[in-house]
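S.K.: 3D, please:
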Amino acid sequence: MIVERSIWVVGDIHGMLDPLVALLNTIRSIEYGQQRQVLIVFLGDYIDHGPCSREVIDALLDLRREFSAVFLAGNHEDMMLEFLDPEPGLEDYGQSWFDKNGGQATVCSFLNNRQALSQLWMRSQGHPSFTAADLRLEPEHRAFLDALAYAHVEQLPLPGRGLTLAFSHASLYRRSDCRLQPRDDDPEIPITEQLSVRTRRDFRALMFKYPMWLDNFHIWNRELPRQRFGDFILVHGHTPTPIINTIHPGALPTYEPASGLPLVIFPEGRTVTPRLTEGMVRYDAALSEVVAINIDTGSVYGTALTALNFSSRRLQEEACVEAVQVHPGWVQRDFGACNRFRLQFSRI
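M.R.: So this is what the prediction gives:
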């Protein structure tokens, strides 16, 4: 008997606890009683900007008692770790987390006490500035951060051939895709080498092996890939789709950022316009043509927290990927409210 595989992928959370809890409860209700092999992949950026970074991590730690899960590092966790444990040459990188990237909101979540707040907000004489030594994490929180992966690959069994899914926080780097910050001396990094990065130590080794602008690496990269990276579909987050036209003006004429839909990228020159019907988003293209799917639909911007479900049975029978979205405003009005729909392709 072939067991159906169910792979969920969850986008950027950014300290937004209520949408996360509603999303996880929806996943629980969908999977309850199903005889499926379930894996949940989280794409990183659990912390910063939103008010509940600690509570988000606690919810993820609890989830491990129910489901198999893979937790990827986002650029925000990577910066936080650099703040806590700076490496030579990267001190400014860690400090930028605290000063400019939402780190102070995360500190407030982890250290909810008056002394910490006085060091954060009261800069007069007699109130020393906040340092890494002041951010004392519980052992389980630090262990969670230290164990984050920097890429992951899964295979879904399908008749005749499998479907390979690759996961990273941001888009994989490829020199030919670089339009935002192109440099003649930027190196090429083999895609297989990026996907083989598992630990923070591996990622630092990659950075020093291929020195270039930090934002090129696959926890920061906001470039739009022009062609497939290999015989797999990349699923990532990081680049908020509500502001995608600000980052790439005019580059995505068939995508409407206000729709809140996942951003499905096809090869350059292949125009595929999604057609929306009730409960379905249709693409007149094969799933095997898809280059990447960006599911950072801007929960922290008030748009939606998105999860995709890749079911081996549904892909085989319908060439469909299920999507579940929780909208922050809906959660406040009706806890647990969410939107479910499917991404329908012409074939696998």
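
S.K.: number of residues surrounding residue 248?
M.R.: Residue 248: 16 surrounding residues under other Cβ atoms under 10 Å. C-beta: built from backbone N, CA, C; applies to glycine.

S.K.: would you confirm that it contacts residue 241?
M.R.: No: with contact defined as Cβ atoms under 8 Å, residue 248 does not reach residue 241; the gap is 10.8 Å.

S.K.: what's the weakest-modelled helix or strand in the chain?
M.R.: One helix or strand of the chain scores below all others by mean pLDDT, DSSP states H and E: helix 114-121, with a mean of 69.

S.K.: low-confidence ranges in the chain?
M.R.: 1, 114-115, 119, 121-128, 332-336 (pLDDT under 70).

S.K.: touching, residue 14 and residue 51? I think so.
M.R.: No: if you go by Cβ under 8 Å, residue 14 and residue 51 don't touch, sitting 9.9 Å apart.

S.K.: out of these two, which sits in the more crowded spot?
M.R.: Set side by side, residue 14 and residue 51 show more neighbours around residue 14, with 29 against 16, by other Cβ under 10 Å.

S.K.: the nearest residue to residue 164 once chain neighbours are set aside and residue 51, how far apart?
M.R.: Take residue 164 and drop its neighbours on the chain: the residue closest to it by Cβ to Cβ, 6 or more residues apart in numbering is residue 232, 3.8 Å away. Separation of residue 232 from residue 51 (Cβ to Cβ, to the nearest Å) stands at 36 Å.

S.K.: before we move on, what about residue 317?
M.R.: Going from residue 317 to residue 51 by Cβ to Cβ gives 42 Å.

S.K.: tell me the SS of residue 22?
M.R.: At residue 22 the chain is in helix, as set by DSSP: H, G, I helix; E, B strand; the rest coil.

S.K.: thought residue 149 was touching residue 201?
M.R.: No: counting by Cβ under 8 Å, residue 149 does not reach residue 201; the two are 11.9 Å apart.

S.K.: of these two, who's got more company?
M.R.: More neighbours surround residue 149 than the other of residue 149 and residue 201, with 21 against 10 (other Cβ under 10 Å).

S.K.: for that one, which residues are in contact?
M.R.: Contacts for residue 149 (Cβ atoms under 8 Å, 6 or more residues apart in numbering) come out as 70-73, 198-199.

S.K.: return the backbone torsion pair for it.
M.R.: In this entry, residue 149 is assigned phi and psi values of phi -90, psi 160 (degrees, to the nearest 10).

S.K.: show me what it bridges to in the sheet.
M.R.: The partner list for residue 149 in beta bridges (DSSP bridges) reads residue 72.

S.K.: quick one: it and residue 63, what's the gap?
M.R.: Counting by Cβ to Cβ - residue 149 and residue 63 are separated by 16 Å.

S.K.: secondary structure element for residue 5?
M.R.: strand 4-10 (DSSP states H and E).

S.K.: quick one: distance of that strand to the chain centre.
M.R.: Taking Cα atoms, centre = their mean, to the nearest Å, one finds strand 4-10 lying 15 Å from the centre of the chain it belongs to.

S.K.: what packs against it?
M.R.: Contacts defined by 3 or more Cβ pairs under 8 Å, 6 or more residues apart in numbering; DSSP states H and E place strand 4-10 against helix 17-31, strand 36-42, strand 152-156, strand 163-167, strand 305-311, helix 312-318.

S.K.: please tell me I have it right and residue 296 contacts residue 14.
M.R.: No: the criterion here is Cβ under 8 Å, and residue 296 misses it with residue 14 at 9.3 Å.

S.K.: any residues in contact with both of those two?
M.R.: Common neighbours of residue 296 and residue 14, using Cβ under 8 Å, 6+ apart, are residue 45.

S.K.: out of the helices and strands packed on strand 4-10, which one sits most buried?
M.R.: strand 305-311 (a mean of 24; mean count of other Cβ atoms under 10 Å).

S.K.: still on that earlier bit, I figured the residue nearest to residue 164 hits residue 153, correct?
M.R.: Yes: contact criterion Cβ under 8 Å: residue 232 and residue 153 qualify, at 7.1 Å.

S.K.: ok, back up a step: separation between the residue nearest to residue 164 and residue 273?
M.R.: On the measure of Cβ to Cβ, residue 232 and residue 273 end up 24 Å apart.

S.K.: looking at the two, which is more packed in?
M.R.: For residue 232 versus residue 273, neighbours defined as other Cβ under 10 Å are more numerous around residue 232 (22 against 10).

S.K.: OK, contacts around the more buried one?
M.R.: Counting by Cβ under 8 Å, 6+ apart, residue 232 touches 153, 164-166.
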